[in-house]
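Chemist: need a 3D model of the following:
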Amino acid sequence: MDIYQLRYFLAIVETNNFSRAAERAFVSQPTLSAGIKKLETELGTPLFNRDARKISLTEAGRRFLPHARTIIYECNAAKSDIVRKSPVRRLQLGLLRSAPSARVAALLDDFGKAHPDIQISIKDGSTAQLQRWLDEGRIDVALSVTPDAESNTEFVQLYKWKYMVAVPSGHSFSGRNAIPLKELDRLDFLHRTHCEAETELTRMFASAGVNPHIIFRTDQDEKALAFVGAGLGLCMMPDILNAPGVTLLPVEGINIYRTIGLVWRAKDENDLIRSFQMFAVSHDWYPERAGSKNLDWAR
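Modeler: A predicted model of the protein is given here:
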């Protein structure tokens with residue numbers, strides 16, 4: 001397996017087109033196709049479903065994607081590290097899949113401007129995965145839920161969220177203060193497959209005799225919000241998430257809260273973790289609820 005094959009693979013994933021991928025990789029389309037065929041032969045399985053109208057990843061391709069991205073990232077990081085005059089400090093960050101992407105991106109941008117000598121690599125996963133990666137030393141700090149008391153980790157709170165129902169802003173529910181759980185019965189719903197409170201929600205819906213019609217399942221919050229805004233269905237999600245055209249409303253009978261913060265192993269605490277913690281704690285996690293904070297003091 002060669003690095004150029006991984007770059008070809010990622011170019012196709014990013015462009016969803018062999019011709020555009022070849023342009024991005026600065027090779028001819030036959031050269032790119034040959035490289036992908038050689039990679040698939042080595043792996044013993046197709047990575048792409050090919051038809052006349054679209055290209056999509058096979059199951060093997062989806063499993064291979066995070067490995068390819070990690071390898072290319074590490075190669076680029078190694079090259080950057082060597083050409084720099086001073087060593088690069090690197091923070092390995094674990095990110096809960098349901099974390100608000102826009103707010104996390106704003107935090108990383110702000111931190112990066114203040115610490116250009118620090119590279120941050122990100123692994124997103126479930127609560128259990130983040131805890132395992134911390135235990136194994138594969139990440140330095142995680143943005144996750146409050147850990148178990150016996151986990152031998154430190155925790156600092158960043159924000160809290162409550163589960164609400166997301167509805168299109170023009171929906172008949174949108175002008176109400178709260179929605180009785182019973183009124184959600186038989187309605188079209190989008191299901192967030194990475195939901196940390198799935199067991200609790202399922203139990204509460206079942207206890208109330210509410211049986212929503214699941215029309216779509218996704219592990220991407222941006223896609224869920226977009227589909228809600230387009231009127232395709234409702235969705236239970238944390239109130240930290242939002243998007244134009246979507247209204248979040250409390251559901252009577254659903255009282256699920258979570259506290260989100262930074263988690264790290266006490267024995268691993270260092271200046272790098274403390275610097276990131278300082279920015280994360282002072283970050284404005286609800287910009288729509290209050291004016292932005294000035295972080296000049298931290299620069």
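Chemist: CA only for contacts and neighbour counts going forward, please
Modeler: OK.
Chemist: residue contacts, the most centrally placed residue in the chain?
Modeler: By Cα atoms, centre = their mean, the chain has its centre lying nearest to residue 97, at 3.9 Å. Counting by Cα atoms under 8 Å, 6 or more residues apart in numbering, residue 97 touches 124, 125, 126, 194, 219.
Chemist: change it to 10 Å
Modeler: By Cα atoms under 10 Å, 6 or more residues apart in numbering, residue 97 lies in contact with 123-127, 143-144, 194-196, 219-221.
Chemist: how about residue 276?
Modeler: Residue 276 neighbours (Cα under 10 Å, 6+ apart): 91, 93, 107, 108, 111, 112, 115, 141, 262.
Chemist: what's the answer for residue 249, then?
Modeler: So residue 249 contacts 163-167, 173-179, 236, 239 (Cα under 10 Å, 6+ apart).
Chemist: got these as CSV, with pLDDT columns?
Modeler: Listed next are the contacts of residue 249 as CSV, based on pLDDT from 0 to 100:
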residue, pLDDT
163, 93
164, 94
165, 96
166, 96
167, 96
173, 95
174, 90
175, 89
176, 92
177, 92
178, 94
179, 95
236, 95
239, 89
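Chemist: just the buried residues of these.
Modeler: With burial judged by 16 or more other Cα atoms under 10 Å, the buried subset of those is 163, 164, 165, 166, 167, 173, 174, 179, 236, 239.
Chemist: how close does the spatially closest residue to the third one that is not a sequence neighbour sit to residue 286?
Modeler: In other words, residue 165. Of all residues not flanking residue 165 in the chain, residue 236 sits nearest, at 4.5 Å (Cα to Cα, 6 or more residues apart in numbering). Taking Cα to Cα, to the nearest Å as the measure, residue 236 and residue 286 are separated by 19 Å.
Chemist: phi and psi next, for residue 2.
Modeler: Here is the backbone geometry of residue 2 (degrees, to the nearest 10): phi -110, psi 150.
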